[in-house]
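K.L.:
Structure of the sequence below:
(chains A and B)
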2 protein chains.
Amino acid sequence: MVKVKIIVSYKEGVEDPEGLAIKKSLNLLNFNNVKNVTVSKLYEINIEGDSSSVKKEAEEMCDKLLVNPVIHKYKIEVEKI
Amino acid sequence: MVKVKIIVSYKEGVEDPEGLAIKKSLNLLNFNNVKNVTVSKLYEINIEGDSSSVKKEAEEMCDKLLVNPVIHKYKIEVEKI
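P.N.:
Numbers count the residues shown, from 1 in each chain, chains lettered A, B, ... in the order given. Prediction:
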C-alpha cells in the first residue's frame, strides 16, 4: 500500500479568491500583520501497488480529474505505508 | 517574515464527502486500486513578525476562523522566509 499526497494550488498570477477573502477576514479580526494567504487542496490517496508505477498513475489522476491545467499547478509526493 | 502552513482536515470518524466522491470518480475512471481518499485544506499565510509569537497567533486564527472544532483537526508548521 502506498500513500500519495497531491497538493493542488493556483498558478502564479492566477487570483485566489478564497485566499483573498480569508486575508480580509483575518485583517478584520485584528490580525493586521497577515500579508498574504493562499489556499490549496491536499489529496491523500491510498493506493494498492508499489511506489514505482504509482507516481505516473497519480499524474494521470491529476490530468483526468483533480487539476484544471489552465489555473492549477500540482505537486506529488509518494510514501510507503 | 514568516510563512505559516496550516493543514485542516477531518477528524477520525467524521465522513469526508468530497473524499468519498473523488474515490468513486477515480474508481469509475478505472483507477481500481484506489482504496481511500481524504481531502484537506492547506493554508499558507505570510505573517510579518518573528517565529516565536507566530505559532500562538496561528492557533488563534484556527480557533476564530479557519477550523470547526467539532469536525476538523489541524496541524501548524512555521518556517522563516
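K.L.:
going forward, measure contacts between C-alpha atoms and count neighbours the same way
P.N.:
Noted.
K.L.:
helices or strands next to the helix or strand hosting A:Lys23 in the packing?
P.N.:
With secondary structure defined by DSSP states H and E, A:Lys23 is part of helix A:17-28. When contacts are defined as 3 or more Cα pairs under 8 Å, 6 or more residues apart in numbering or on different chains; DSSP states H and E, helix A:17-28 sits against strand A:34-47.
K.L.:
in the helix holding A:Lys23, what's buried?
P.N.:
Buried residues in helix A:17-28, defined by neighbour count with 16 or more other Cα atoms under 10 Å in any protein chain shown: A:19, A:22-24, A:26.
K.L.:
Get me the contact residues on chain A for chain B.
P.N.:
Within reach of chain B by Cα under 8 Å from any Cα of the partner chain, chain A has these residues: A:26, A:33-49, A:61, A:65.
K.L.:
could you check the angle strand B:34-47 makes with the helix holding A:Lys23?
P.N.:
When axes from the mean of the first three to the mean of the last three Cα atoms, to 10 degrees is applied, the directions of helix A:17-28 and strand B:34-47 differ by 40 degrees.
K.L.:
Send me helix A:17-28 as CSV with only the CA atoms.
P.N.:
C-alpha atoms of helix A:17-28 as CSV (Å, rounded to 0.1, in the frame of the first residue of the first chain):
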residue,chain,number,x,y,z
PRO,A,17,-10.5,34.3,-4.3
GLU,A,18,-10.7,32.2,-1.2
GLY,A,19,-7.2,33.3,-0.1
LEU,A,20,-8.1,36.9,-0.6
ALA,A,21,-11.3,36.6,1.4
ILE,A,22,-9.5,34.9,4.3
LYS,A,23,-6.8,37.5,4.3
LYS,A,24,-9.5,40.2,4.5
SER,A,25,-11.3,38.4,7.3
LEU,A,26,-8.1,37.8,9.3
ASN,A,27,-7.3,41.5,9.0
LEU,A,28,-10.8,42.4,10.2
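K.L.:
what comes into contact with it?
P.N.:
Helix A:17-28 is touched from outside by A:32-39, B:61, B:65, with contacts defined as Cα atoms under 8 Å, 6 or more residues apart in numbering or on different chains.
K.L.:
buried stuff in the helix or strand of chain A with the lowest mean pLDDT?
P.N.:
Taking mean pLDDT, DSSP states H and E as the measure, chain A has helix A:51-61 as its least confident helix or strand, at a mean of 90. For helix A:51-61, burial by neighbour count (16+ other Cα under 10 Å) applies to A:51, A:54, A:58-59, A:61.
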